[in-house]
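Asks: After the sequence you'll find the predicted model.
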Amino acid sequence: MRSVDTLVIGAGQAGLAMSASLSDAGIDHAVLERGQVAERWRSERWDSLRLLTPNWATRLPNLEYDGPEPQGFMTAAELVTRFERYARGFDAPVHEHTSVESVTQTDRGFAVQTSQGAWQADRVVMATGWADRARVPSAASELPASILQPTPQTYRNPEQVPDGGVLVVGASASGAQIADELAAAGRDVTLAVGRHTRLPRRYRGVDIWWWLEQSGRLAVTIDTVRDPKRARNDASLQLVGSPVPRNIDTTTLQGRGVRLTGRFFGFDGAYALFSRDLAHSTARADERMHALLRGIDEYIARHGLEAEVYAPDAPPSLGPVEEPTHVHLADEGIKTVVWATGFTRSYPWLKVRALDERGEIIQRRGVTPVPGLYVLGQRFQHRRDSNFIDGVRHDAAYLADVLTLGRASQRVQCQEGISC
């Protein structure tokens, strides 16, 4: 059995950020990864995917973007290469192809059993991310085996999808991008739209992500929002990273020929059923978008930037839509249903009492109720951008401070004969 002060589970952006912060703090640690560094970016992304954040926002502890296109958007493969170089740069102690099988509490901390042997650790940081497993509704089991049912984790490209129509369920970032790609490939696409968050790619001539950072929107903490649970489950942004900046939302998809419906709520035999709420959900998304853009306008006015940016240029609203309440899959020739219905978390290996009734980690700023057990990379863990590559560095630095103080306190107690 190998022993270490701190074990980090996962070597994606959260695990690497934690490792870098622990290295800076001089804390002995190891990182366990079921596959390779950035495994989820390698094996659970579609071929054309680019980050929806600009390259300049790809920041981790001691890492700033140094390439030639700060305003561009990396592909998943480019990001993997960058993460690999980053890990080598500080000699991150990553143990690849090491799946965690169980984490149990002991008198000395934690016993961690893996596919490559056992570890003993004083502390454990779970950095497996918030998009662990695609959420698929139970209604999916009602479809015949002849219907292909990919998720954003298993969809790769239009060639993978059989000839015929496609129903995409979910219009947040993944669903909107997949529907857009399939429509561009000539497929007949129906998109079921529920609650979503709409933003323009650029506003007043500047990338929206820059405005979100500069105006403090990304730094908002969970302690200041009215409804933390709702905030953590809010729809992801309808944004796309592309070589030529462009919008992706219900309006642009409508212009591409995508048929829009309201929220999907089940099947009745061969029929897919939808609520007649598309107008309401798009109007609510527009209200929220315009409120955010007004805040940016106020920021521009406060800082005297009017002469340096374009005039306000909010995108247009959705045009008239005939909302079908039901669609016969066979009659419409629909042979594929893409479930872009969000993500959930799964911790079958975690054998300590740190989950709530919904299976979510109980935590505040990454500190769980279990002494010595921490989590990193959760959505809105503390800041609004906590689950983004750029935002996780703040939470990693905080946890490194917590662990450093904890280790110092333990040394004092040991010296005083209280505990060791």
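Replies: Cool, the structure landed.

Asks: What ranges does the stretch 51-200 of the chain have for its strands?
Replies: Under the criterion DSSP state E, counting those that start in this stretch, the stretch 51-200 of the chain carries strands at the ranges 94-95, 100-106, 109-114, 117-126, 133-134, 165-169, 189-192, 197-198.

Asks: Redo those strands as TSV? Include distance to Ser346 and mean pLDDT.
Replies: Bear in mind the C-beta positions are built from the backbone N, C-alpha and C, glycine included. Listed next are those as TSV, based on distance: least, Cβ to Cβ, whole Å; pLDDT from 0 to 100:
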stretch	distance to Ser346	mean pLDDT
strand 94-95	21	98
strand 100-106	12	98
strand 109-114	17	98
strand 117-126	12	98
strand 133-134	5	94
strand 165-169	21	98
strand 189-192	25	98
strand 197-198	25	96
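
Asks: Out of those, flag the one nearest Glu322.
Replies: Nearest to Glu322, of all the strands of the stretch 51-200 of the chain, is strand 189-192, at 12.3 Å by Cβ to Cβ.

Asks: rewinding a little: with distance to Ala179 as extra columns, can I get the strands of the stretch 51-200 of the chain in TSV?
Replies: Shown next, in TSV, are the strands of the stretch 51-200 of the chain (distance: least, Cβ to Cβ, whole Å):
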stretch	distance to Ala179
strand 94-95	36
strand 100-106	35
strand 109-114	39
strand 117-126	33
strand 133-134	16
strand 165-169	4
strand 189-192	5
strand 197-198	14
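
Asks: And the helices in the stretch 1-150 of the chain?
Replies: Read by DSSP state H, counting those that start in this stretch, the stretch 1-150 of the chain holds these helices, from start to end of the chain: 13-25, 39-43, 76-89.

Asks: ranking those by burial, who's on top?
Replies: Between the helices of the stretch 1-150 of the chain, the one whose residues have the most neighbours on average, counting mean count of other Cβ atoms under 10 Å, is helix 13-25 (a mean of 26).

Asks: who's in contact with that one?
Replies: Applying Cβ atoms under 8 Å, 6 or more residues apart in numbering, the set of residues contacting helix 13-25 from outside is 6, 8-9, 11, 29, 31, 33, 37-38, 60-63, 83, 86-87, 90-94, 125, 127-129, 376-377, 389, 392-393, 396-397, 399-401, 403-404.

Asks: Emit the ChimeraX select command for whichever of the residues you listed are buried.
Replies: Per 16 or more other Cβ atoms under 10 Å, the buried members of those correspond to this ChimeraX selection:
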select :6,8,9,11,29,31,33,37,38,60,61,63,83,86,87,92,93,94,125,127,128,129,376,377,389,392,393,396,397,399,400,403,404
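
Asks: Is His280 in a helix, a strand, or coil?
Replies: Put simply, His280 is helix when judged by DSSP: H, G, I helix; E, B strand; the rest coil.

Asks: And it, how close does it get to Gly175?
Replies: Going from His280 to Gly175 by Cβ to Cβ, to the nearest Å gives 18 Å.

Asks: Compare these two (neighbour count), which wins?
Replies: The residue with more neighbours, out of His280 and Gly175 and counting by other Cβ atoms under 10 Å, is Gly175; that gives 27 against 13.
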